[in-house]
Structure formats: structure tokens, C-alpha cells
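Trainee: sequence and computational prediction follow.
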Amino acid sequence: MTIPPSRRGVLGASAAVSAALASGGLLTGGSPAAAAAAADAVPRDTTAGTSTGTGTTTSAGTTTSADTTTGDPAHPKRQLRGVWIASVSNINWPSAPGLTAEQQQAELTALFDAAVRMRMNAVYLQIRPAADALYASQYEPWSQYLTGTQGQDPGYDPLAFAVAEAHKRNLELHAWLNPYRVSTQPDPGKLAPTHPARVHPDWCVQYGGQLYYNPGLPEVLAFDVQVITDVAARYDIDGIHFDDYFYPYPVGTADFPDDAAFAAHGAGYATKADWRRANIDKLVSTLQTELRAVKPWLKWGISPFGIWRNAATDPLGSATDGLQSFDAIYADTRGWVRKGWLDYIAPQLYWNIGFPVAAYDVLLDWWSKAVDGTGTQLLIGQTVSKIGITSPPAWLDPNEMPNHLILDRQYPEAAGDIFFNITKLLTDPLGFETRLITDLYAAPALVPEMARHAGPPPDRTALTAAKRTSAGVALEWLHRRPHGPEAAYYAVYRFAGLPPHRERDFADAKNMLGTVRAVPGLFNTWTDTGAVAGQDYTYYVSAVDRLHHESAPSNPQVVIK
């Protein structure tokens, strides 16, 4: 694995955790009022525009995550760790059509539990695989992948269930939708009678043995935006997500059959290719505007094919020789980043390091430069589906995928990874799941903040009790919202020994036990089941809002052996 000289070593900015907590802490048994007073007594940073959490403020006034420098670079405290859960063709979930509601729910919670076990912090659940719905929709029929019959009510709302269960485990839940695929087969007569493609057959075209909505029709654009913003408005999701399907991938030499639409709507464009790209651009830019109007805090991102253009075609392209999304599926992925239409982009870099046609390391470097200075966060789409295949032989090396994640750390622009797909990951291919749990993701991680979602952190909480019990050390702290943003969850820190602890100690992920979702009420609680008898411990809790801005740590609570 070759690392560019400029990327060697630990990169990034220093953490800015709040004032040291050498004084003002309470021993077990202190009163809530005293704990609250101790918490509020710690000086706050009152500099205009500056976050009082673990971020730093740029010259432009935007808060950015910057808490990895003083921690262990092998286990960054801020890292998006996501996994795709595909529903199309029952790839991941549900495992088969026609399962009972209880069976479907049990399968999904088992997948979420597995994500937690691997210390993931986000799941990307496919809820609209083919112009259908794994949620209660007034616009499209229930998905056939639920019951086996398109349009048949599964007896519950899968997306509402998924959101509740993901948040209970403090996982972000991103709704993954496909904008144009209508069916993986070509016969409209096999769709539910109420399917929009049956009601509006003029919206559809057949290509490559499948049905698609025609991206060149203004009616399709309006309908897609209506469907997607409806999901965003009605469900407590954390983001809207597309993968790499826009215009379909080319099938042989056959052209997508949109001549009539081009004749009707393509005036002013020099070529059909320019018009097609403009159609996709309109969808992406319109969604950016509409989603921010619906929920300004919602994350909007796309995971496109990994190559924008090859350098042989365009000097701005990458040193690759593969299919070009700009030309083949009319997705100007680099343009979306440069124009600020996305909160994040997660290119699918599904090739090994050093692969001659499209090398992982080459594309990681290219995408890091593409997002630099744009405010668009970079995530990396990883394929565990290739681990163990024989060609190319690099995938037989158990270190190939781990080396991707290790290389990512050398690029401060790379904020994390999303893995396809969870079913293959849970087979532990070449020991990769084990390696995640025991090494690469051995410590928990907070979701990185986003430049476009800057803001103040929640108020600092007060840790009111830490008591040894038969189950471990039981913690209790105040859940309140007097001034700042609401706490969505809490991060729990544990140190062996007694205070004081330095700012840098809270930047090290190994000192963070994990996170717990906030629950309504005056107090929140959590039990440290890993506490060892005979050891002195000091605990702190920080409050984190929905956009992952972290407060200063609470007052300390000491547990004596």
C-alpha cells in the first residue's frame, strides 16, 4: 500500500473540548441541584460564532469536527460507519417476501443489533427500491418485496418501525430511494393497478428488460420530488440517500429510448447528452432546495459510481480507464459537489488498491481533492461483496479491505465509510467482520459533524450519580434543555483513576465507552457493565445533538474501589 508523502503521519486539527474539570466534581451521592450547579460553574467559551463542543471554528464561522489529533489516529473519535441494507430482490431485508410482520421485524432488529455489535453508527435502508414503498405512501403501492404481492399492506409501517428501532440503538437511519427504476421486469401489466406507471404509462420506457420512469419528463421530476419530500416530512429519518442509479447503465449499444421526450423538452441543448445531464442536475438541485425547506437539519447525499471521468477524456478526471458516470449514466457527480448541491457524497470505490483500470488509492486521492474546499463531506462506498473472490487476486488477501480503511485515515477529507452489503459482511469474509470489531472499529465513534450543518452544541449536562451495583456502575444524569439545542444522545466517558483529566483525554476514542439515546424525562441513565471490581473510576457524560455537536463534558463522578 503506497501512501503519498504529503499524507503520511497524523493529519487534522486539534480538538477544542471545554474547560478542564479538575474541580467542581461530585462523589457518588451528590444532589442533583449541586451537580447542576457544578456543571454550570465551568466557564463557557463565549467567543462569537464558536462552538463550545468538540469542534473548532473556521474563519468563515462554520463549526467543523476536529477532535482526532490528540487521540489515537488508528481509532478516530469522529468517523461515519455505515452499512447498506438492500430490499430490492430481497437482497438483505426482508430475507424473503411473504414473511409475517413479526418475522420481518425480528430480522431487521437483528441486523440493527449486528450493526451495533460492529460499532456502526448509521444504516442506509432501501425503502423505495422500484417506485414502490416499504412505508405507508399515498403515492405508490406497498413493495412486493414485503408480502410477495405489490400493493398488499404488510400490517405495519416498516419505515416507522425501522426509525424507532434504529434510534433506540442510537443509529442514524437514512432512507435510501431509487428515483427512476419502476420494475426489474418489463411488463407494466404486472404492476399493481394503482401503480403510477399504470396510471401514467406515458411516464415510462422499457430498457434492458426493465421499466424506468423517463428522467426527461417534467412530470416525472415533479412526482419524484413529491414522493421524496413526503418521506422527509412524515418520518423522523436522519437523511435522504440515493445510490448510483440515474439513467440506466448502458446495455450493449442500445440507446435509452427518449427521442420523443428530447424533441418535446430538449430545446436549447446542444446534444441529447447535455439535456440528459441537465435532467439529473434538476433532480439533485431541486431536492437540495426542497429538503432543506422541509427539514433544514436533514442530510442529503448520493453514493455514485466511483469514476466521474477519466483523465484521458477530461484533464479534470482521474487517472483511470473505466466507465465514466458523466458520459454513461449522465451523472455529473463532480459538478454536484462543486455546486454545493449535496451534504455528502459517497463514491463507490469498489476496486482494490493498485487495480490498473481503477485503483482504490488513485480514486480516494482524486475524490479527496474534488471535495476539498467545497463543504461537501466525503464518505467512501466499500464493497465487502468482493472479499474472497479470485479475480483479481488482490481480493484473496485478508488485508485488502482493512488497508482501504487504514489508507482512508491519511485523508482528512474522508469522513468515514459505508459498506455494501450487510448480509455479506455478517458472513465474516476472510475475517473482515472480526477485524472490524477487534481492531479497526475497536473503539466507538461519534458521527462527524457537517460543515453545512454548523451550530452550537447542547448545554452541558450534570452527572448526578455513579453507583456500583451487581450489574456494574449505574450512571444518572440530567436531561434538560434550558438554552441550547436538545440533546439527541449522550456520550459516556470512563477513566481509570481520579481527576483531573485534560482536554486531550476527551479526544481519545478509547476513553469513550459508547453512546446512549436520550429519553424523555428529568434524568437519563446507563450502566457500565464492563466496570471491574477493585478499580477506581472517573465518569463524565457529554450531550450531543442530532447534528452531532458535542457539549463540554459534565462534572466528574468518582467511583472508589
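Mentor: Received, thanks. Since the model is a prediction, treat every value here as computed from it, not as a measurement.
Trainee: tell me the buried residues in stretch 269-277?
Mentor: Neighbour-count burial for stretch 269-277, counted by 16 or more other Cβ atoms under 10 Å, picks out Lys272, Trp275, Arg276, Arg277. For the C-beta atoms, the positions are set from N, CA and C on the backbone; glycine is no exception.
Trainee: quick check: the first one vs Gly216, distance?
Mentor: Same thing as Lys272. 9 Å (Cβ to Cβ, to the nearest Å).
Trainee: common neighbours of the two, please.
Mentor: Residues touching both Lys272 and Gly216 (Cβ atoms under 8 Å, 6 or more residues apart in numbering): Asp258, Phe262, Gly266.
Trainee: switch these over to CSV; also include neighbour count and secondary structure.
Mentor: Shown next, in CSV, are those (neighbours: other Cβ atoms under 10 Å; DSSP: H, G, I helix; E, B strand; the rest coil):
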residue, neighbour count, secondary structure
Asp258, 23, coil
Phe262, 16, helix
Gly266, 19, coil
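Trainee: ok, of those, which one's closest to Leu478?
Mentor: Of all these, Asp258 has the smallest distance to Leu478: 59.1 Å, by Cβ to Cβ.
Trainee: surely the closest one and Tyr212 touch.
Mentor: No - if you go by Cβ atoms under 8 Å, Asp258 and Tyr212 don't touch, sitting 9.6 Å apart.
Trainee: show me where this structure has its helices.
Mentor: 32-41, 101-117, 144-147, 158-168, 196-199, 218-234, 259-265, 272-294, 325-328, 333-338, 360-371, 400-408, 422-425, 432-435 (DSSP state H).
Trainee: before we move on, back to that, shared neighbours, Asp258 and Tyr212?
Mentor: Joint contacts of Asp258 and Tyr212 (Cβ under 8 Å, 6+ apart) are Val205.
Trainee: quote the end-to-end distance of stretch 432-447.
Mentor: 22 Å (Cα to Cα, to the nearest Å).
Trainee: show me the contacts for Leu425.
Mentor: Counting by Cβ under 8 Å, 6+ apart, Leu425 makes contact with Val83, Met118, Val384, Phe419, Phe432, Glu433.
Trainee: give me the buried subset of those residues.
Mentor: Buried members of these, counted by 16+ other Cβ under 10 Å: Val83, Met118, Val384, Phe419, Phe432, Glu433.
Trainee: quick revisit: export the shared contacts of Lys272 and Gly216 as a markdown table, with columns for distance to Ser551 and pLDDT.
Mentor: Formatted as a markdown table, the shared contacts of Lys272 and Gly216 follow (distance: Cβ to Cβ, whole Å; pLDDT from 0 to 100):
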| residue | distance to Ser551 | pLDDT |
| --- | --- | --- |
| Asp258 | 52 | 98 |
| Phe262 | 54 | 98 |
| Gly266 | 53 | 98 |
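Trainee: which ones are touching Asp439?
Mentor: With contact set as Cβ under 8 Å, 6+ apart, Asp439 has these partners: Pro402.
Trainee: what pLDDT does it get?
Mentor: Per-residue confidence (pLDDT) for Asp439: 97.
Trainee: so how far is Ala115 from it?
Mentor: Noted for Asp439: a distance of 17 Å to Ala115, by Cβ to Cβ.
Trainee: ditto for Asp545
Mentor: In this view, Asp545 and Ala115 are 22 Å apart by Cβ to Cβ.
Trainee: before we move on, what about Trp351?
Mentor: Distance from Trp351 to Ala115, by Cβ to Cβ: 25 Å.
Trainee: who's in contact with the nearest residue to Gly534 once chain neighbours are set aside?
Mentor: Nearest non-adjacent residue to Gly534, counting by Cβ to Cβ, 6 or more residues apart in numbering: Lys561, 4.8 Å away. Listed by Cβ under 8 Å, 6+ apart, the contact set of Lys561 reads Ala533, Gly534, Gln535, Asp536.
Trainee: re earlier: in the contacts of Leu425, find the pair that's most separated.
Mentor: Checking the contacts of Leu425 with Cβ to Cβ, the most distant pair is Val83 and Phe432, at 12.5 Å.
Trainee: check contacts around Gly98.
Mentor: Thr147, Gly148.
Trainee: could I get the pLDDT score of it?
Mentor: For Gly98, pLDDT reads 98.
Trainee: look up phi and psi at it.
Mentor: phi 90, psi 0 (degrees, to the nearest 10).
Trainee: any idea how far it lies from Asn90?
Mentor: Distance from Gly98 to Asn90, by Cβ to Cβ: 10 Å.
Trainee: how about Leu463?
Mentor: Look at Leu463 and Asn90: by Cβ to Cβ, they are 46 Å apart.
Trainee: who has more neighbours out of the two?
Mentor: Between Leu463 and Asn90, counted using other Cβ atoms under 10 Å, Leu463 has the larger neighbour count: 27 against 18.
Trainee: quick check: which of the helices of the chain is nearest to Arg452?
Mentor: helix 272-294 (9.1 Å).
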